[in-house]
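S.K.: okay, predicted coordinates and the sequence, questions at the end:
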Amino acid sequence: MNVVKLGEGKPRKHFVDKLRQLLHQYYGYNYELIDHFLSFFNPTELVQLFEANETQRPLTIRTNTLKTRRK
């Protein structure tokens with residue numbers, strides 16, 4: 001029985017280009033920025049970074065206590 005491995009016969013560049021394209025479509029980052037981040041992070045860490053960037057920060061209200069009272 002012949003078992004064909006996923007991606008056998010295709011160069012790594014093919015998969016990196018496909019990953020770049022999918023990240024661009026899903027997150028909206030441009031290709032240059034994705035390439036820059038890929039030079040620092042592996043693909044798993046890169047997706048985690050993009051996911052962390054997509055979460056909304058908590059809303060906080062700051063006031064100047066010298067000019068504002070609790071009333």
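M.R.: On my side now, so go ahead.

S.K.: tell me how many other residues surround residue 63.
M.R.: By other C-beta atoms under 10 Å, 9 other residues sit near residue 63. Any C-beta I mention is one placed from the backbone N, CA and C, and that applies to glycine too.

S.K.: how about it, what does it touch?
M.R.: Not one residue lies near residue 63 by C-beta atoms under 8 Å, 6 or more residues apart in numbering.

S.K.: distance of it relative to residue 70?
M.R.: From residue 63 across to residue 70, the span is 10 Å (C-beta to C-beta, to the nearest Å).

S.K.: go on, residue 54?
M.R.: In this view, residue 54 and residue 70 are 36 Å apart by C-beta to C-beta.

S.K.: who has more neighbours out of those two?
M.R.: Using other C-beta under 10 Å, the more surrounded residue of residue 54 and residue 70 is residue 54, with 10 against 5.

S.K.: for that one, which non-adjacent residue is closest in space?
M.R.: residue 27 (6.9 Å; C-beta to C-beta, 6 or more residues apart in numbering).

S.K.: wait, the one you found sits on residue 52?
M.R.: No - the pair residue 27 and residue 52 does not pass the contact test of C-beta atoms under 8 Å, sitting 11.4 Å apart.

S.K.: just the strands in this protein please.
M.R.: Applying DSSP state E to the chain gives no strands.

S.K.: tally of neighbours for residue 49?
M.R.: Residue 49: 14 neighbours (other C-beta under 10 Å).

S.K.: residue nearest the centroid of this protein?
M.R.: For the chain, residue 50 is the residue whose C-alpha lies nearest the centre (C-alpha atoms, centre = their mean; 2.2 Å).

S.K.: that residue touches residue 19, doesn't it?
M.R.: No - the pair residue 50 and residue 19 fails to qualify as a contact (C-beta under 8 Å) at a distance of 11.5 Å.

S.K.: for the residue nearest to the centre of the chain, give me its contacts.
M.R.: Residue 50 makes contact with 23, 27, 29, according to C-beta under 8 Å, 6+ apart.

S.K.: for residue 66, see how far away it is.
M.R.: Separation of residue 50 from residue 66 (C-beta to C-beta): 41 Å.

S.K.: appreciated, that's everything.
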